[in-house]
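# structure for the following, please:
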Amino acid sequence: MSATHSGTARVEFWFEFASTYSYPAAMRVGAAARAAGVALDWKPFLLGPIFQRQGYESSPFLAHADKGRYMWRDVERLCAKHGLAWRMPSAFPRTGVLAARVACSHVDAPWLPDFVRAIYTANFAEDCDIGTPAAVRDALVRAGVADPDAALAFAQRDDEKPKLRRNTEAAQARGIFGAPSFVVGAELFWGNDRLEDALDWARR
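Here you go, the predicted structure:
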């Protein structure tokens, strides 16, 4: 079940912490789903293995300079549109493996959406290295987690780490090729600009 809402209509929100367009989506999706009366499943995964299968060593935005320049300006416009803080990260893409493991291990925790938003804020509004344990712990604190050290340690247990790999494999099985992606049943919606379409589809 979702940590956000319960109900019959459901949307899976697939996100990657290094993904620029996942930032505005993650900041908007919780309130949008609640307003639409749609249950939301938070699905962290890694784009790296998917991009490698596509023939990219890293983000396609790095492989194509014009596309990369467009993306940075587009995300800046999107953040202004939605009233979100924005600071272009000094390093891109940043590893979000540890943060994603925490999200996978605590997917039903009531604080999960706040944690996800805190990580995105750190990366794309504060230019923090979200790959460090200190940054992830700080996000847990911001999310109101009573024992952030315990939450962090739990996510790094040997029996918990495979959850992120399984999520990434599940994303590949759903045909997901980028982030953010929204899945409603067998329907795939790709991109921050498809959030409302996914919610509308789920309500049908």
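# quick check: the gap between D108 and A65.
In this view, D108 and A65 are 42 Å apart by CB to CB, to the nearest Å. Glycine gets a C-beta too; all of them are placed from N, C-alpha and C.
# sorry, that was for F15
25 Å.
# can you name the next helix or strand after the one helix or strand A31 maps to?
Assessed by DSSP states H and E, A31 sits inside helix 22-36. For helix 22-36, the following helix or strand on the C-terminal side (DSSP H and E) is strand 39-44.
# follow-up on the earlier one: show me what the helix holding A31 is packed up against.
strand 10-15, strand 39-44, helix 65-82, helix 112-124, helix 195-203 (3 or more CB pairs under 8 Å, 6 or more residues apart in numbering; DSSP states H and E).
# give me the mean pLDDT for the helix or strand that comes right after the fourth one.
Yep, that's helix 112-124 we're talking about. Counting by DSSP H and E, the next helix or strand C-terminal to helix 112-124 is helix 133-142. Mean pLDDT, helix 133-142: 98.
# which secondary structure elements does helix 133-142 contact?
helix 97-105, helix 112-124, helix 148-155.
# for R28, what are its contacts?
Taking CB atoms under 8 Å, 6 or more residues apart in numbering, we find R28 in contact with 82, 192, 195.
# any idea which of these is closest to A118?
H82 (17.1 Å; CB to CB).
# quick check: phi and psi on the spatially closest residue to R87 that is not a sequence neighbour?
Excluding its sequence neighbours, the residue lying closest to R87 (CB to CB, 6 or more residues apart in numbering) is D127, at 4.9 Å. Dihedral angles of D127 (phi, psi; degrees, to the nearest 10) stand at phi 50, psi 50.
# relative to N192, how far out is D127?
20 Å.
# check C104 too.
22 Å.
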